[in-house]
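Chemist: give me coordinates for this.
(one chain, ligands or ions: 4)
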Amino acid sequence: RAKEDGRGTYRFFEAGMDARAQARRLLELDLRAALQRAEFEVYYQPIRDVAKDVVVAFEALARWNHSLRGMISPANFIPLAEETGLIVPIGEWVLRQACIDAAQWPRDVGVAVNLSPVQFKNPNLVQTVKQALKASGLPAHRLELEITESVLLQNSEATLSVLHELRAFGVRISLDDFGTGYSSLSYLRSFPFDKIKIDRSFVTELATREDSMAIVRAVTGLGKSLGIVTTAEGVETDAQFDLLRREGCTQAQGYLFSPPRPAAEVESMLSSARAQVIA
Ligand code: C2E
Ligand code: MG
Ligand code: MG
Ligand code: MG
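Modeler: Ligands and ions are numbered 1, 2, ... in the order given. All right, here's what the predicted structure looks like:
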């Protein structure tokens, strides 16, 4: 990163900013056109019940199949989509598509859809969710919405009433990436979440760091005491999975079982995984 301590360096920094701003602008134009061009796709990653050893849900994860650049990961377009507000139509599309796909799955497993904080600024969010369910025929109890703490940081009165309304309709609400934000525990009191997703950063170091192990143990314990399902994200090794099972973590998700895959592969992920109906 260039420092702003000399004239030459400053000019260089400006030039660098220019190129970056241009690249960003190009990406934004592409992003605007991507919905019309049908370049988005929803991938699905299985979530397994640890004790029963079966798939109980799939997380819907957006992919952008750019005509020239190939597959672009959400890390590289969700932030831009949020800054430009494009996440609202993109998020709606993902939600509708995920409900349509899930309604056709051969088993009664759940589908988890990520919601951006920006989507909560849209007054039509509840209506959008209800319409996606109605249009697809997916029962509300099969839909899980994943939000991060940052959703609760903004305009929390309005946000909480939206969450309560969705919950009353039968949709389940998960707290995603738990442990990475601020004052996580107070959020558990502000809304009765159905699920806590333990962030991958803790799971990754489960077998190698005492403190990560202690944190995972504390969160699974918290989930048990509060009657909240706990899901470990980013499970990659048998060692991590064994430790999670021993701690009584409810669900696990990660490359150990499967990476996110196209919708057409859901059936094979289900049959190879001996899925069961969820309660
Ligand atoms: P997330 O909701 O926490 O999703 C989990 C991410 O971890 C996914 O990345 C998934 O592919 C990745 N992952 C799962 N298991 C493993 C593992 O074992 N190892 C490793 N290294 N990674 C694993 P992905 O698909 O790139 O998505 C990244 C983030 O982008 C998501 O994090 C979510 O915050 C956001 N995102 C994705 N799709 C959407 C969407 O439709 N709407 C919104 N608002 N955000 C989305
Ligand atoms: Mg998520
Ligand atoms: Mg997550
Ligand atoms: Mg995450």
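Chemist: for ligand 2, what's its nearest residue on the stretch 1-150 of the chain.
Modeler: E146 (4.1 Å; C-beta to the ion). Every C-beta, even on glycine, is put in place using the N, C-alpha and C of the backbone.
Chemist: once you drop chain neighbours, what's closest to that residue?
Modeler: Distances taken as C-beta to C-beta, 6 or more residues apart in numbering place D176 nearest to E146, at 4.2 Å, with adjacent residues excluded.
Chemist: buried stuff in the helix or strand harbouring V56?
Modeler: Following DSSP states H and E, the helix or strand that holds V56 is strand 54-66. Buried residues in strand 54-66, counted by 16 or more other C-beta atoms under 10 Å: 54-64, 66.
Chemist: and the chain, which residues reach ligand 3?
Modeler: 176-177, 233 (C-beta under 5 Å from the ion).
Chemist: what's the closest of those residues to Q131?
Modeler: Closest approach to Q131 among the residues of the chain next to ligand 3 (C-beta to C-beta): D176, at 23.2 Å.
Chemist: what residue in the stretch 151-279 of the chain comes nearest to ligand 2?
Modeler: For the stretch 151-279 of the chain, C-beta to the ion, closest residue to ligand 2: D176, 4.3 Å.
Chemist: what kind of secondary structure is that residue in?
Modeler: strand (DSSP: H, G, I helix; E, B strand; the rest coil).
Chemist: okay, now it: neighbour count?
Modeler: For D176, the neighbour count with other C-beta atoms under 10 Å is 23.
Chemist: now for L188: which residues touch it?
Modeler: Counting by C-beta atoms under 8 Å, 6 or more residues apart in numbering, L188 touches 175, 196, 222, 226, 228.
Chemist: can you flag which of these belong to strands?
Modeler: 175, 196 (DSSP state E).
Chemist: could you flag which of the contacts of L188 are buried?
Modeler: Applying 16+ other C-beta under 10 Å to the contacts of L188 flags 175, 196, 222, 228 as buried.
Chemist: the second one contacts L175, doesn't it?
Modeler: Spelled out, that is I196. Yes: contact status for I196 versus L175: in contact at 5.2 Å, counting by C-beta atoms under 8 Å.
Chemist: centre of the chain to stretch 178-191, how far?
Modeler: Centroid separation between stretch 178-191 and its chain, computed with C-alpha atoms, centre = their mean, to the nearest Å, is 16 Å.
Chemist: which bits of this structure sit near ligand 2?
Modeler: 114, 146, 176.
Chemist: what do you get if the cut-off is 6 Å, keeping everything else the same?
Modeler: Applying C-beta under 6 Å from the ion, we find that the chain lies next to ligand 2 at 59, 114, 146, 176.
Chemist: mean confidence score for the strand holding V56?
Modeler: On average, the pLDDT along strand 54-66 is 97.
Chemist: coming back round to it: residue contacts, the residue nearest to E146?
Modeler: 114, 146-148, 197.
Chemist: give me the distance between L145 and E92.
Modeler: 13 Å (C-beta to C-beta, to the nearest Å).
Chemist: over to N122?
Modeler: In terms of C-beta to C-beta, N122 sits 9 Å off from E92.
Chemist: over to R69?
Modeler: For R69, the distance to E92 - C-beta to C-beta - is 24 Å.
Chemist: these two - which one has more neighbours?
Modeler: Taking other C-beta under 10 Å, R69 and E92 do not tie; E92 has more neighbours (19 against 11).
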